[in-house]
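Q: Coordinates only, no sequence provided:
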């Protein structure tokens, strides 16, 4: 029934018809274009908990053949094309997770606060779309100290964004980034991470709680060591009743690249080999147990299930549904 | 690093720790659960046009082994399980498409208006989330006359929901459903569709514009015959500049069932064999031309690209991104 349909014939037909088409009705006032994305807040239940994925935006990072240290530029571009994404640009989607345990309102990671790119920094607006004020948040769990995870704690001017929140940082992460010797040996973007971590935590360090990955940090939220991406990079397991969610943090970034090719090492993984081992272990576990997973850089709403296919893994995104 | 992680050990750890965990901080006022999904409005650009996917909700239809006429209940449940969905329930997601051409605001199909299930009927609320009022809409294109596509035109009390919209219905669709002879031969749910179409269109029939599938209905929107699901079922191609979108309507329903198994015939397809032929032709074309597609019953935001894999097709959902 659609044998005539090709892009070429469609465009030709439109070009021919556009001038001649007589609009059958008096013109209405043209509606203005919105020029903005709709709210990014996706809610789901986990036992008695209510979770909300909060979209912060997407950082469109220009890349060259060095972005994945053990794959070529053409291989990376082929993986991008498989997801119908343009070459040479890495879309780094950012989605934080809000967990309402019924007694505590917990935010896991905090977004970029618009301090990285103009196309991210919508976390607070989307918290608002979810009916939540920054002051409502009791607890903030930090997975690791990269800028896109911690910058949301402060405005550009250094004001605290979440005035009532207790902030938790993994002990090995804190130790690494706050060590002056480590900083003295850092260069390039890593040196930038050191400086940024001190900008964010410098005057609130005494109030920051540290925890050892493996501990239950909040009732119902167990931290999990997931080292490699950074020295203290941490995942979380959220559990309520007989339901659980594995919050993978940055263990797996864009699924079409790093779940499909779990051995690929992006330059952001500080210990690439260890990150691969952690990634494979976690993905195997998620598949074996059919676990619900979330990941900070998965496409919003950044949750779903993992399946094994061939030599890699695929994300099966959660289906948007009413509560 | 996560070798200890299993669902069993996690749940056990939590059970043990929950009673003993000392919360390190004075209790804050518990935030109330929202108990509602976030807004469902996803915006994307197509040339100079601005499109918004508007989520109406999901109808969770209990099914038995007869829902797919040429596949067994266990086969259907296996397909549901592959998408991590429970057995014996067909989630019928409903997403209408709003097209702002710059001069006309066009809505393609109208949702269920809460007249089918309590878990759908959010189209107007989500139009609001997108900053659009029902009275702003100039044009409504109907793909076919099933209740979940036309009920949004009227409230339960018979009031028009879109007071300023010109409504367009495919000529063969109108002819079929308005034919008294056809109705006299109908039984069961199909008879219900006849009665419902007359309830919706009875007093506005004279104002309804009819078009022949194949015509350009609105400048930039070409209708495409896609018969089989219903006698006049229509798809649309939206085009602006050198970009195009194939709006498949109900040619493909849940992708994990009917794209993966394009020969499967759901009971909703009135001419199952013809619907399969239309579905295969359209999916082959979408794959060959790497066309952006939308479909009314795809998971919100109900747009993406199709790829061929094995004997079927997969949906690669569009990545949520800022405008």
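A: It's in. This is a predicted model, so every value here is computed, not measured.
Q: drop to CA atoms for contacts and neighbour counts, all remaining ones
A: Noted.
Q: what helices or strands is the longest helix seen in chain A leaning on?
A: As assigned by DSSP state H, the longest helix anywhere in chain A is helix A:272-288. Helix A:272-288 sits against strand A:303-309, with contacts defined as 3 or more Cα pairs under 8 Å, 6 or more residues apart in numbering or on different chains; DSSP states H and E.
Q: Neighbouring strands of the helix or strand just after the strand it packs on in the sheet, and parallel or not?
A: Moving toward the C-terminus from strand A:303-309, the next helix or strand (DSSP states H and E) is strand A:312-317. Strand A:312-317 pairs in its sheet with strand A:303-309 (antiparallel), by DSSP bridges.
Q: Give me the contacts around the partner strand.
A: Taking contacts as Cα atoms under 8 Å, 6 or more residues apart in numbering or on different chains, the residues outside strand A:303-309 that touch it are A:283, A:286-287, A:290-295, A:313-318, B:84.
Q: Any buried residues in the longest helix of chain A, and which?
A: Residues of helix A:272-288 classed as buried under the neighbour-count rule (16 or more other Cα atoms under 10 Å in any protein chain shown) are A:272, A:274-287.
Q: same question, stretch A:183-198
A: Along stretch A:183-198, the positions that meet the burial threshold by neighbour count (16+ other Cα under 10 Å) are A:183, A:190-191, A:193-194, A:196-198.
Q: For whatever residue of the stretch 101-250 of chain A ends up closest to chain B, which non-adjacent residue is closest in space?
A: Using Cα to the nearest Cα, the point where the stretch 101-250 of chain A gets nearest to chain B is residue A:103, with a distance of 4.6 Å. Across the structure, with Cα to Cα, 6 or more residues apart in numbering or on different chains as the measure, the residue nearest residue A:103 apart from its sequence neighbours is residue B:30 (4.6 Å).
Q: and that neighbour, how many neighbours?
A: Residue B:30 has 15 neighbours, counted by other Cα atoms under 10 Å in any protein chain shown.
Q: That one and residue A:102 touch, don't they?
A: Yes. Counting by Cα atoms under 8 Å, residue A:102 is a contact partner of residue B:30 at 6.3 Å.
Q: Can I get the buried part of the contacts of strand A:303-309 as one ChimeraX selection?
A: Selection command for ChimeraX covering only the buried members of the contacts of strand A:303-309, criterion 16+ other Cα under 10 Å:
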select /A:283,286,287,291,292,293,294,295,313,314,315,316,317,318 /B:84
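Q: residues in contact with stretch A:62-76?
A: Around stretch A:62-76, the neighbours that count as contacts under Cα under 8 Å, 6+ apart are A:88-90, A:257, A:264-267.
Q: can you rerun that using 6 Å?
A: With contacts defined as Cα atoms under 6 Å, 6 or more residues apart in numbering or on different chains, stretch A:62-76 is touched by A:88-89, A:265-267.
Q: mind listing the strands for chain A?
A: Secondary structure of chain A (DSSP state E): strands located at A:41-46, A:49-62, A:89-100, A:105-108, A:139-141, A:166-170, A:209-211, A:216-218, A:221-225, A:234-240, A:243-247, A:292-294, A:303-309, A:312-317.
Q: Using CSV, please lay out those strands together with mean pLDDT.
A: Written out in CSV, the entries for the strands of chain A read as follows (pLDDT from 0 to 100):
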stretch, mean pLDDT
strand A:41-46, 97
strand A:49-62, 98
strand A:89-100, 98
strand A:105-108, 98
strand A:139-141, 98
strand A:166-170, 98
strand A:209-211, 98
strand A:216-218, 97
strand A:221-225, 98
strand A:234-240, 98
strand A:243-247, 97
strand A:292-294, 98
strand A:303-309, 98
strand A:312-317, 98
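Q: Just list whatever residues bridge to the nearest residue to residue A:50 once chain neighbours are set aside.
A: Counting by Cα to Cα, 6+ apart, residue A:50 lies nearest to residue A:100, which is 5.1 Å off, once chain neighbours are set aside. Residue A:100 has the following beta-bridge partners by DSSP bridges: residue A:50, residue A:105.
Q: Within range of chain B, give me the residues from the stretch 101-250 of chain A.
A: Neighbours of chain B within the stretch 101-250 of chain A, by Cα under 6 Å from any Cα of the partner chain: A:103-104, A:219, A:225-226.
Q: Could you dump those into CSV with neighbour count added?
A: Shown next, in CSV, are these (neighbours: other Cα atoms under 10 Å in any protein chain shown):
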residue, neighbour count
A:103, 16
A:104, 21
A:219, 21
A:225, 22
A:226, 29
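Q: Now the two most distant members of the residues you listed.
A: Of all pairs drawn from those, the one with the largest separation by Cα to Cα is A:103 and A:226; the distance is 27.3 Å.
Q: wait, residue A:274 sits on residue A:230?
A: No. Counting by Cα atoms under 6 Å, residue A:230 is not a contact partner of residue A:274; they are 9.7 Å apart.
Q: got a list of what residue A:135 touches?
A: Remark: with contacts taken as Cα under 6 Å, 6+ apart, residue A:135 is in contact with A:162-164.
Q: quick one: low-confidence parts of chain A?
A: Applying pLDDT under 70 to chain A flags residues A:1-29.
Q: go with 80
A: Within chain A, the segments meeting pLDDT under 80 span A:1-30.
Q: sorry, back to before: do you know which of the strands of chain A lies nearest residue B:125?
A: strand A:41-46 (14.9 Å).
Q: between the closest one and strand A:234-240, how many degrees?
A: Orientation of strand A:41-46 against strand A:234-240 (axes from the mean of the first three to the mean of the last three Cα atoms, to 10 degrees) gives an angle of 60 degrees.
Q: what's strand A:41-46 packed up against?
A: Counting contacts by 3 or more Cα pairs under 6 Å, 6 or more residues apart in numbering or on different chains; DSSP states H and E, strand A:41-46 is packed against strand A:49-62.
Q: Repeat the analysis, applying 8 Å as the threshold.
A: Taking 3+ Cα pairs under 8 Å, 6+ apart as contact, the helices and strands that strand A:41-46 lies on are strand A:49-62, helix A:123-129, strand A:243-247.
Q: Mind giving me the packing neighbours of the second one?
A: Applying 3+ Cα pairs under 8 Å, 6+ apart, one finds that helix A:123-129 contacts strand A:41-46, strand A:49-62.
Q: what's the angle from the last one to strand A:41-46?
A: Spelled out, it's strand A:49-62. Orientation check (the same axes, to 10 degrees): strand A:49-62 against strand A:41-46 gives 140 degrees.
Q: buried sites along strand A:49-62?
A: Buried positions in strand A:49-62, judged by neighbour count with 16+ other Cα under 10 Å: A:49-60.
Q: Stretch A:93-104 now?
A: Buried residues in stretch A:93-104, counting neighbours by 16+ other Cα under 10 Å, are found at A:93-101, A:103-104.
Q: Most widely separated two among those residues?
A: Maximum pairwise distance in the buried residues of stretch A:93-104, criterion Cα to Cα, is 29.5 Å, between A:93 and A:103.
Q: Any idea how many residues pack against residue A:299?
A: Under the neighbour criterion other Cα under 10 Å, residue A:299 is assigned a count of 25.
Q: Is it in contact with residue B:322, as I believe?
A: No. Between residue A:299 and residue B:322 no contact is recorded; they are 11.8 Å apart, counting by Cα under 8 Å.
Q: Overlap of the contact sets of the two?
A: What both residue A:299 and residue B:322 touch, as defined by Cα under 8 Å, 6+ apart, is an empty set.
Q: Tell me which of the contacts of stretch A:62-76 fall in helices.
A: Using DSSP H, the subset of the contacts of stretch A:62-76 located in helices is empty.
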